[in-house]
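Engineer: model the structure of this input:
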Amino acid sequence: MSSNEQRRQAAKRKLEKRLERQQQAARKRKIIIISTSVVLVVAVAAVATTLIVKKVADDNEKARWTACSFVDDPTDPFAGLPDTVPAEVPADQQPKFQQFLDELKAGAPNQRKAPIPGDKQLKEGTVDAVFATSQGDIPVQLNRKDAPCNVGAFEGLIKENYFNDTSCHRLTNDQLKVLQCGDPTATGRGGPGWQSPDEPPTGFAPAGEPDPTSGAQPVTYPRGTIAVANSGKNQETGAGTGGSQFFMVIQDGVLPADYTVIGKVEEPGLQVLDKVLAGGITPGLRPNQQTGSLDENPTDGKPVLPVEITTATITN
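Structural biologist: Reported below is the predicted structural model:
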């Protein structure tokens, strides 16, 4: 009996140890399952959070940009210039035509192109720049808010050194007083080889009644305004015809709201513009659409004080 009792006790202890091991194993499995579940939940939450944060960041990044349509313009603005003044030009007009032709031919070799801007441009922020000229520095601030496509394009032109070693070719002193620059040929024909979209100004005060023919509303362009010059809508595509040429308004002036405003001239630059305007104008030759002759315009021509842009640089 003693031996049997000992065997029963030994068997009981063995069973108890086995049950204890089974319970420990069960507890470990439970802990592993719970831990794994927690890790999975945390991992899923982390992935979800990352995806949400990325989407928000992507949406915010997309919101910072706008789509822009720049049109390649491979045409040569000087193609077809005659070698000599046409014989049908009246004798008394030939010297003026020859002078006009010579000016165009002198400028033609200076035509230069620039890479077409990207089809996305930033919508917010400003670009500070300075035009160092022979008459003094003209600091400017370009504002993306109202003209992101054209401001982005001008920022690119400055970075490409497009305006370096160019002349401001036109000064006007009638109802509109502006200095026009940005043409490397200094003839009014040059450009970067592409055309920018129109981004008409908003918020300018109306000045008079709309044009009865075109419906264009004249507005006041304030002193210091920098706007993109253009030649009207492209007759074939309806696209804008802006490029590298721009004008700076010296005194408040009235124009149709057709010229994209890209920024303003800072005060030191306004003093330079005032000096150039006071220096006077070399009358320019302009074709008379009615008579077909070339007439001298005493209020529209090259500035007597030459304005040579030596460098244009971004300062911020």
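Engineer: does F131 sit in a helix, a strand or a coil?
Structural biologist: Here F131 is recorded as strand under DSSP: H, G, I helix; E, B strand; the rest coil.
Engineer: can you give me the pLDDT of it?
Structural biologist: For F131, the model assigns a pLDDT of 98.
Engineer: give me every residue that touches it.
Structural biologist: The contact partners of F131, taken as C-beta atoms under 8 Å, 6 or more residues apart in numbering, are D137, I138, P139, V140, F163, C181, G269, I309, T311, A312. In short, each C-beta sits where N, CA and C put it, glycine included.
Engineer: and it, bridged to which residues?
Structural biologist: I138, A312 (DSSP bridges).
Engineer: measure it to T225 for me?
Structural biologist: Note on F131: its distance to T225, by C-beta to C-beta, to the nearest Å, is 15 Å.
Engineer: max-length strand in this structure?
Structural biologist: Ranked by residue count, the top strand of the chain under DSSP state E comes out as strand 294-303.
Engineer: that one: partners in the sheet, and parallel or antiparallel?
Structural biologist: strand 170-172 (antiparallel), strand 281-287 (antiparallel).
Engineer: tell me which other helices or strands the next helix-or-strand element following the first one touches.
Structural biologist: Beyond strand 170-172 in the direction of the C-terminus, DSSP states H and E gives the next helix or strand as strand 178-181. In terms of contacts (3 or more C-beta pairs under 8 Å, 6 or more residues apart in numbering; DSSP states H and E), strand 178-181 is packed against strand 170-172, strand 246-249, helix 267-279.
Engineer: just the CA atoms of the longest one, as PDB, please.
Structural biologist: When you say that, I think you mean helix 267-279. In PDB, the C-alpha atoms belonging to helix 267-279 read as follows (Å, rounded to 0.1, in the frame of the first residue of the first chain):
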ATOM      1  CA  GLU A 267      10.400 104.200 -53.800                       C
ATOM      2  CA  PRO A 268      14.100 104.400 -54.800                       C
ATOM      3  CA  GLY A 269      13.200 103.100 -58.300                       C
ATOM      4  CA  LEU A 270      10.400 105.700 -58.700                       C
ATOM      5  CA  GLN A 271      13.000 108.400 -58.200                       C
ATOM      6  CA  VAL A 272      15.000 106.900 -61.100                       C
ATOM      7  CA  LEU A 273      11.900 106.800 -63.300                       C
ATOM      8  CA  ASP A 274      11.200 110.500 -62.500                       C
ATOM      9  CA  LYS A 275      14.700 111.500 -63.500                       C
ATOM     10  CA  VAL A 276      14.400 109.600 -66.800                       C
ATOM     11  CA  LEU A 277      11.100 111.200 -67.600                       C
ATOM     12  CA  ALA A 278      12.500 114.700 -66.800                       C
ATOM     13  CA  GLY A 279      15.400 114.000 -69.100                       C
END
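Engineer: thank you kindly, that will do.
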